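Engineer: Structure, please.
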Amino acid sequence: MKKLTTAVIMAGGQGTRLASITGPLPKAMVNIHGTEHENYGKAKDTILEHQMKMLVENGITNFVLVVGNKKEFIESAFTSEQINANLGCDDITITFYEEIAPLGTAGAFCS
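Structural biologist: Below you'll find the predicted structure:
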């Protein structure tokens with residue numbers, strides 16, 4: 001059986017229910033230490049980085065991040081170089097897939 005090395009992470013939602021916590025950032029970039037933490041607005045210590053860390057620990061090295069709403073924040077913070085540095089790796093690659101029109105829950109994944 002072939003080993004899986006790629007994961008698709010949906011990171012393009014509106015995040016309306018978390019708006020009071022996220023401020024201008026997309027929900028994938030919520031800092032687990034809060035808005036006053038030094039890494040607020042960066043890839044480090046975010047929900048998305050935590051997801052990626054768990055996947056890396058299980059052999060995933062290629063990530064497709066489906067982005068849409070506030071994509072510029074994720075694209076600038078989540079570069080392959082930054083995540084490799086944060087997680088102490090050297091083989092993680094990140095590709096972005098932009099959801100042009102809102103397609104609903106997991107709509108971009110199906111397309």
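Engineer: Which of the three states applies to Lys42?
Structural biologist: coil (DSSP: H, G, I helix; E, B strand; the rest coil).
Engineer: That one against Ala77, yeah?
Structural biologist: Yes - applying C-beta atoms under 8 Å, one finds Lys42 in contact with Ala77, separated by 5.7 Å. Backbone N, C-alpha and C define where each C-beta goes, glycine included.
Engineer: Report all helices and strands that the longest helix along the chain contacts.
Structural biologist: The longest helix of the chain (DSSP state H) is helix 47-56. With contacts taken as 3 or more C-beta pairs under 8 Å, 6 or more residues apart in numbering; DSSP states H and E, helix 47-56 sits against strand 6-10, strand 62-67, helix 80-87.
Engineer: What are the buried residues along it?
Structural biologist: Neighbour-count burial for helix 47-56 flags 47-49, 52, 55-56 (criterion: 16 or more other C-beta atoms under 10 Å).
Engineer: what's the distance between the residue nearest the centre of the chain and Gly12?
Structural biologist: For the chain, Leu48 is the residue whose C-alpha lies nearest the centre (C-alpha atoms, centre = their mean; 4.0 Å). Here the criterion is C-beta to C-beta, to the nearest Å. By it, Leu48 lies 11 Å from Gly12.
Engineer: Equivalent analysis for Ser80, please.
Structural biologist: Relative to Gly12, Ser80 is positioned 19 Å away (criterion: C-beta to C-beta).
Engineer: next one: Asn69
Structural biologist: The gap separating Asn69 from Gly12 is 6 Å, by C-beta to C-beta.
Engineer: Give me the common contacts of those two.
Structural biologist: Pro26 (C-beta atoms under 8 Å, 6 or more residues apart in numbering).
Engineer: of these two, who's got more company?
Structural biologist: Counted by other C-beta atoms under 10 Å, Asn69 and Gly12 do not tie: Gly12 has more neighbours, with 25 against 16.
Engineer: Now that one. Nearest residue, chain neighbours left out?
Structural biologist: Once flanking residues are discounted, Gly12 sits nearest to Gly68: 3.1 Å by C-beta to C-beta, 6 or more residues apart in numbering.
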